[in-house]
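# just need the structure, nothing else, for what follows:
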Amino acid sequence: MNSVAALSNPPVREDFVPAEAYISKDWLQLEKTRLWPKVWQMACREEEIPHAGDYYTYEIADESVTVVRLNDGAIAAYFNVCLHRGRRLTSGCGRMGRFHCRFHGWQWSLEGEPVEVVDRGDWGECLPDEEIRLGRVRAETWGGWVFVNLDPEAESLEAFLEPAKAHLDPFEFDKMRYRWRKQIVLPCNWKVALEAFNEGYHVQTTHRQLLPLFDDLTYSQAKGKHGMFGYAPTALFGLLSPRLGGPQGDVRQGLHAFNSEIWNTLKATTTEEMLAAGERLMELPETATPFEVYAAFAQFHREASAKNGTPWPTITVEQQMAAGTDWHIFPNMVFLHQPTNLLGYRARPNGDDPDSCIFEIYVLERFAEGEAPKVEVEVAGDWRTVDWGLILAQDFDNVGEVQKGMKSQGFRGARPSPVQERAISNFHATLHHYLHGRN
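Next up is the predicted model:
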C-alpha cells in the first residue's frame with residue numbers, strides 16, 4: 001500500500017488523533033517534505049542579532065537557515081549552503097563581515113552577493129553572479145521573534161498568525177528579554193513533547209502538589225491554525241481546588257504560597273516582583289474577598305514592576321482574560337504568557353528518528369533598560385542531567401513513557417478531551433491538512 005494513502009486514515013476528530021502521527025517514520029518523512037518547507041517557524045529572537053553581521057543558524061529537519069542582521073539594520077535569511085560544493089557556511093551564532101566557506105574560500109556579502117570566487121577565471125563565462133547568489137529565505141518578525149519560511153509563495157507572517165496575533169499583541173513580547181534558556185534531547189516525538197505543554201488537563205495528576213493552591217480546571221479552544229487554553233473566570237488561585245473539596249483557607253496567604261511554590265519549583269511564570277506583590281497581600285484585611293485580593297495583587301505587581309523600571313504594557317483586564325494562559329503557535333511553538341513574563345517551548349524533530357526530538361525551554365521577562373542579563377543556552381543530551389526543578393521534571397518524566405506506550409498494538413490513537421484539550425486535536429487537524437490536503 002502507498003505509505004501516503006496509508007497515513008491518510010483514520011482522520012482526526014476532536015476526540016481522536018491516530019497513533020501513527022507520533023510513531024511512524026513515514027509520517028516524519030511527510031513532515032519533512034510537506035510541513036517544514038511550507039510554514040512560518042520561529043528561528044530566533046531579534047535581540048540575538050542586534051548588530052550588523054550578527055547571525056543565528058536555525059536548523060529544521062535536513063534544512064539549515066542563516067538569519068543575519070544587514071548593514072542597514074534589516075534582517076535577512078538565507079539557505080545555509082555554499083553554492084560551490086554544498087558545505088554549510090555557518091553554525092551556531094556569532095558575527096561576520098561576510099559569509100565564508102571554509103572548504104574552498106568562496107565568500108558572499110551579508111546581502112548574499114558573491115564577492116570572492118577563488119580562481120574564478122577557471123569557469124570562464126559559465127558562472128554568472130545570478131547563479132551563485134545565496135538563496136534567500138523569507139524572514140519576518142513578530143513579538144521580538146524572527147520567523148522564517150522556506151516557501152516564497154506562502155502567506156504573510158501576519159496572516160499566518162491570526163487570530164493569535166490580535167489576542168497577543170497587547171502583551172508587547174518584543175519588549176521582553178531572556179532570563180534563562182535550555183535545550184535538551186527528549187526520548188519522544190516532537191509532537192508528544194509539545195503537547196505536554198499544550199493543555200492544563202494533566203495538572204490534576206502530574207502536578208498534584210499544586211491542587212491545594214488553585215482550581216486547575218481549564219478550557220481549550222481552536223484558533224485558526226493555532227490553539228490556546230485558559231482558566232475559567234471563576235477559577236480561584238490561592239484556595240483549595242474543587243477536586244479536593246472546594247475553597248477553604250485564606251486567599252491572601254494562598255495566592256502568595258502559590259506564587260512561591262511556582263518560583264521555587266519552576267523559576268518561570270512568576271517573577272521577583274510577583275513574589276513581592278504576594279508578600280504585601282497580608283496588608284489586606286482577613287475579610288477581603290478573592291476579587292479584592294486579586295485586584296490588590298495586580299496593583300502591587302504593577303507598583304513593584306514600575307519601581308524596578310519595568311512598567312506593564314498597556315493592557316486591560318478584558319484583554320488578559322481573552323488571551324487565556326497558554327498558546328500554541330502552529331506548528332512547533334508553545335508559550336505561557338503574562339504581562340511581564342513568558343515561558344516558552346519549541347520542539348523540532350531530531351534527525352529521522354520519530355522517537356526523539358530537540359526541545360528548547362526559555363523564559364522571557366521585562367527588564368529595566370540595560371538590565372537584561374547576557375544569557376547563554378544550556379545544552380544537554382539528556383534531560384536528567386539538568387536541574388529543572390520539580391514541575392518540569394514531572395513533565396519530562398511523562399513523555400518518554402508516552403512514546404513507548406503509543407507503540408503498543410493496543411493503542412489506536414490519542415483521545416484528547418474536546419473541552420480541555422481542543423488545542424491538541426486542532427493541531428493535528430491542521431497538520432493533516434498540510435500533509436494530506438484534508439483533516
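# the longest strand in this protein is where?
Longest strand in the chain by number of residues, with DSSP state E as the criterion: strand 353-366.
# and the next helix or strand past the worst-scoring helix or strand of the chain on mean pLDDT?
When the helices and strands of the chain are compared on mean pLDDT, DSSP states H and E, helix 3-7 comes out lowest with a mean of 48. Helices and strands here follow DSSP states H and E; after helix 3-7, the next one along the chain is strand 17-18.
# partner strands of that next one, parallel or antiparallel?
strand 413-414 (antiparallel) (DSSP bridges).
# okay, the spatially most central residue of the chain: pLDDT?
The centroid of the chain falls nearest to residue 333 when counting by C-alpha atoms, centre = their mean (3.0 Å). For residue 333, the pLDDT comes out at 98.
# the residue of the chain positioned farthest from its centre and residue 200, how far apart?
Relative to the mean C-alpha coordinate of the chain, counting by C-alpha atoms, centre = their mean, the farthest residue is residue 124 (48.4 Å). Taking C-beta to C-beta, to the nearest Å as the measure, residue 124 falls 65 Å from residue 200. Heads up, the C-betas are built off the backbone N, CA and C, glycines and all.
# ok so, going back, what residues does the helix or strand just after the longest strand of the chain touch?
Next helix or strand after strand 353-366 toward the C-terminus (DSSP H and E): strand 378-379. Residues outside strand 378-379 that contact it (C-beta atoms under 8 Å, 6 or more residues apart in numbering): 180-184, 386.
# now the element after strand 378-379, going C-ward?
helix 390-405.
# confirm for me that residue 338 is in contact with residue 269.
Yes. Assessed by C-beta atoms under 8 Å, residue 338 is found in contact with residue 269 at 6.7 Å.
# which parts of the stretch 151-300 of the chain are strands?
176-186, 218-223, 226-231 (DSSP state E, counting those that start in this stretch).
# out of those strands, which comes closest to residue 80?
Evaluated with C-beta to C-beta, these place strand 176-186 nearest to residue 80, the distance being 18.6 Å.
# list the neighbouring strands of the closest one plus their orientation.
strand 353-366 (antiparallel), strand 378-379 (parallel).
# determine which stretch of those strands is the most buried.
strand 353-366 (a mean of 22; mean count of other C-beta atoms under 10 Å).
# quick one: mean pLDDT over it.
On average, strand 353-366 scores 98.
# starting at the chain centroid, how far to that strand?
Relative to its chain's centre, strand 353-366 lies at 7 Å (C-alpha atoms, centre = their mean, to the nearest Å).
# tilt between it and helix 390-405?
Angle, strand 353-366 to helix 390-405, by axes from the mean of the first three to the mean of the last three C-alpha atoms, to 10 degrees: 160 degrees.
# for residue 91, what are its contacts?
Counted by C-beta under 8 Å, 6+ apart, residue 91 has contacts residue 57.
# how near is it to residue 118?
22 Å.
# residue 17 too?
Distance from residue 17 to residue 118, counting by C-beta to C-beta: 53 Å.
# one more: residue 353?
Taking C-beta to C-beta, one finds residue 353 at 38 Å from residue 118.
# higher neighbour count, residue 17 and residue 118?
residue 17 (27 against 11; other C-beta atoms under 10 Å).
# would you agree the more buried one is in contact with residue 430?
No. Contact between residue 17 and residue 430 fails when scored by C-beta under 8 Å: they sit 11.8 Å apart.
# now residue 388. Nearest residue, chain neighbours left out?
Excluding its sequence neighbours, the residue lying closest to residue 388 (C-beta to C-beta, 6 or more residues apart in numbering) is residue 396, at 7.0 Å.
# pretty sure the one you found sits against residue 380.
No. The pair residue 396 / residue 380 is not scored as a contact, 11.4 Å apart, by C-beta under 8 Å.
# when these two are compared, which one has more neighbours?
Legend: neighbour count by other C-beta under 10 Å for residue 396 and residue 380, higher for residue 396 (21 against 12).
# where's the more buried one relative to residue 185, distance?
Per C-beta to C-beta, residue 396 is found 11 Å from residue 185.
# now do the shared contacts for the two.
residue 383.
# not counting sequence-adjacent ones, nearest residue to residue 339?
residue 312 is the one closest to residue 339 (C-beta to C-beta, 6+ apart), at 4.9 Å.
# ok, the one you found - contacts?
Each residue near residue 312 by C-beta under 8 Å, 6+ apart is listed here: 301-302, 305-306, 339-340.
# how far away is it from residue 277?
Distance from residue 312 to residue 277, by C-beta to C-beta: 12 Å.
# quick check: the residue nearest to residue 388 vs residue 385, distance?
Distance from residue 396 to residue 385, by C-beta to C-beta: 12 Å.
# what helices or strands is the helix ranked longest in the chain leaning on?
Determined from DSSP state H, the single longest helix within the chain is helix 290-307. When contacts are defined as 3 or more C-beta pairs under 8 Å, 6 or more residues apart in numbering; DSSP states H and E, helix 290-307 packs onto helix 251-265, helix 272-280.
# next, the angle from the last one to strand 353-366.
The one in question is helix 272-280. 70 degrees.
# over to the first one?
Calculated by the same axes, to 10 degrees, helix 251-265 forms an angle of 130 degrees with strand 353-366.
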